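Visitor: Structural data only, the sequence is not supplied:
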């Protein structure tokens with residue numbers, strides 16, 4: 001038995017979710033000391049420790065380190081022999097979906113579990129995912145979800161609990177599930193196993209939860225450690241539906257990019273395809289933005305598209321930042337997306353959101369839209385966060401068929417299989433809208 005909201009209410013209440021990060025101040029370690037990120041020559045660790053700093057994590061072949069020390073010590077760290085750049089680590093917070101309604105709605109018609117693909121998964125159908133499964137299903141592939149965590153108890157999600165972690169103080173710690181709902185929703189889009197209702201792009205892939213947002217975690221440094229962890233465990237791909245943010249005015253954007261780039265490149269060299277959501281600010285990603293994470297070399301940037309392959313009204317865009325577009329929900333205008341009466345425009349429902357798994361214990365708070373099917377929890381969200389995992393799952397299909405492909409060759413295969421753009425420089429679509437069937441057939 002399914003519970004959802006009436007069409008009229010759903011159209012008004014579905015959340016826009018980009019897991020956008022907001023600046024939350026300088027990062028502190030659990031003992032209260034300040035945290036810093038530094039670029040080194042690879043041989044400066046002993047000098048850093050002699051200067052009174054503790055190294056929390058070594059990244060990118062020891063050329064980037066996460067450390068803690070006394071407050072206001074970035075200049076002291078930068079003066080250490082072998083250190084070329086040192087900046088404060090910033091704490092970030094998850095910015096939840098925006099909504100436009102104060103009513104919750106009532107029970108609506110249900111759908112049988114076996115009909116979910118045909119009734120709800122418009123995003124999979126436009127990419128011809130089920131047809132692509134005749135070639136590959138993600139078998140033997142591991143996919144990391146760098147996010148709020150993943151609920152390992154959901155029967156539609158095959159989560160490797162032993163390798164799943166929560167990043168605390170820059171170090172992988174015990175897996176603690178999903179701190180909210182975002183990571184679990186993303187995970188179902190990537191690899192829903194269809195044991196109950198959710199069919200992911202790579203249903204036979206194994207998920208690894210890498211929680212970097214939520215209580216006890218949530219800094220730039222933690223995210224970098226999560227990225228490297230995905231490479232260290234040999235993940236085929238790692239999804240980063242964590243959007244963009246602006247740094248404080250006095251922050252050196254170039255210095256942060258200089259520190260993050262080597263980590264992304266190192267992970268890509270390990271063979272892990274990093275996939276980042278473009279963000280939901282209706283913004284051309286040029287000028288003033290700390291271009292994270294899909295602005296980094298080695299990270300695929302994804303915009304959100306409607307069911308008609310238009311850029312969703314909220315999606316960011318920009319040449320060199322968007323590699324492909326993928327279904328994320330919504331329409332090309334806010335007015336069309338949140339029209340009160342769905343009969344006012346000719347379109348099927350629920351094409352303005354993406355259906356996927358959510359945790360039963362942390363189901364979507366009102367006025368978000370959630371539902372149960374055979375006692376398990378699901379929900380609808382829209383955003384570039386919902387577009388990126390379409391691409392991450394597709395990477396698992398490519399790697400299953402071509403296990404020796406580098407991360408760059410996997411990315412190029414996805415771009416070649418995309419459709420609807422002239423070349424790869426479209427500022428909204430990049431190389432085009434992803435098509436799973438085109439992509440796997442092009443590998444024959």
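Guide: Received the coordinates, thanks. If you're wondering where the values come from, they're calculated on a predicted model, not measured in any experiment. Residues are numbered from 1 along each chain as shown.
Visitor: Where does pLDDT dip in the stretch 101-250 of the chain?
Guide: 101-110, 244-246 (pLDDT under 70).
Visitor: That one: helices as residue ranges?
Guide: 116-119, 122-126, 129-132, 182-191, 220-232 (DSSP state H, counting those that start in this stretch).
Visitor: helices or strands up against the third one?
Guide: Using 3 or more Cβ pairs under 8 Å, 6 or more residues apart in numbering; DSSP states H and E, the elements in contact with helix 129-132 are helix 436-441. From N, CA and C alone the C-beta is placed, and that goes for glycine too.
Visitor: Grab the nearest non-local neighbour of the most centrally placed residue in the chain.
Guide: By Cα atoms, centre = their mean, the chain has its centre lying nearest to residue 241, at 1.9 Å. Counting by Cβ to Cβ, 6 or more residues apart in numbering, residue 241 lies nearest to residue 385, which is 3.6 Å off, once chain neighbours are set aside.
Visitor: where does that neighbour land in three-state SS?
Guide: Following DSSP: H, G, I helix; E, B strand; the rest coil, residue 385 is assigned to helix.
Visitor: Please report how far it lies from residue 183.
Guide: 10 Å (Cβ to Cβ, to the nearest Å).
Visitor: what sits against the nearest residue to residue 44 once chain neighbours are set aside?
Guide: Counting by Cβ to Cβ, 6+ apart, residue 44 lies nearest to residue 82, which is 2.8 Å off, once chain neighbours are set aside. By Cβ atoms under 8 Å, 6 or more residues apart in numbering, residue 82 lies in contact with 40-44, 47-48.
Visitor: Inside helices: which ones of these?
Guide: Using DSSP state H, the subset of the contacts of residue 82 located in helices is 47-48.
Visitor: Show me which of the contacts of residue 82 are buried.
Guide: 40, 44, 48 (16 or more other Cβ atoms under 10 Å).
Visitor: Closest to residue 62 out of the residues you listed?
Guide: Of all the buried ones among the contacts of residue 82, residue 40 has the smallest distance to residue 62: 6.8 Å, by Cβ to Cβ.
Visitor: Pairing partners for the closest one in the sheet, please.
Guide: With DSSP bridges as the criterion, residue 40 is bridged to residue 83.
Visitor: quick one: it and residue 60 touch, right?
Guide: No. Residue 40 lies out of contact with residue 60 (Cβ atoms under 8 Å); the separation is 9.8 Å.
Visitor: which SS state does the residue nearest to residue 51 when sequence neighbours are not counted fall under?
Guide: Excluding the flanking residues, the one nearest residue 51 by Cβ to Cβ, 6+ apart is residue 80, at 5.0 Å. State at residue 80, reduced to three classes by three-state DSSP: coil.
Visitor: How many residues are close by residue 70?
Guide: Close neighbours of residue 70, defined as other Cβ atoms under 10 Å, add up to 10.
Visitor: what's near enough to touch it?
Guide: Contacts of residue 70 by Cβ under 8 Å, 6+ apart are 33-34, 52.
Visitor: switch the cut-off to 7 Å
Guide: The neighbourhood of residue 70, defined by Cβ atoms under 7 Å, 6 or more residues apart in numbering, consists of 33-34.
Visitor: confidence score at it?
Guide: At residue 70, the model reports a pLDDT of 96.
Visitor: same check, this time on residue 369
Guide: pLDDT, residue 369: 63.
Visitor: and residue 204, what is it in contact with?
Guide: By Cβ under 7 Å, 6+ apart, residue 204 lies in contact with 137-139.
Visitor: Now which of those residues would you call buried?
Guide: Among the contacts of residue 204, the ones that count as buried by 16+ other Cβ under 10 Å are 137-138.
Visitor: Out of the contacts of residue 204, which is nearest to residue 293?
Guide: Using Cβ to Cβ, residue 138 comes nearest to residue 293 of the contacts of residue 204, at 22.6 Å.
Visitor: wait, that closest one sits on residue 191?
Guide: Yes. With contacts counted by Cβ atoms under 7 Å, residue 138 reaches residue 191, the gap being 6.3 Å.
Visitor: Overlap of the contact sets of the two?
Guide: Shared contacts of residue 138 and residue 191, defined by Cβ under 7 Å, 6+ apart, are found at 202-203, 205, 393.
Visitor: Select, from the residues you listed, the two members most distant in space.
Guide: The largest separation in these, counting by Cβ to Cβ, is between 203 and 393 at 8.6 Å.
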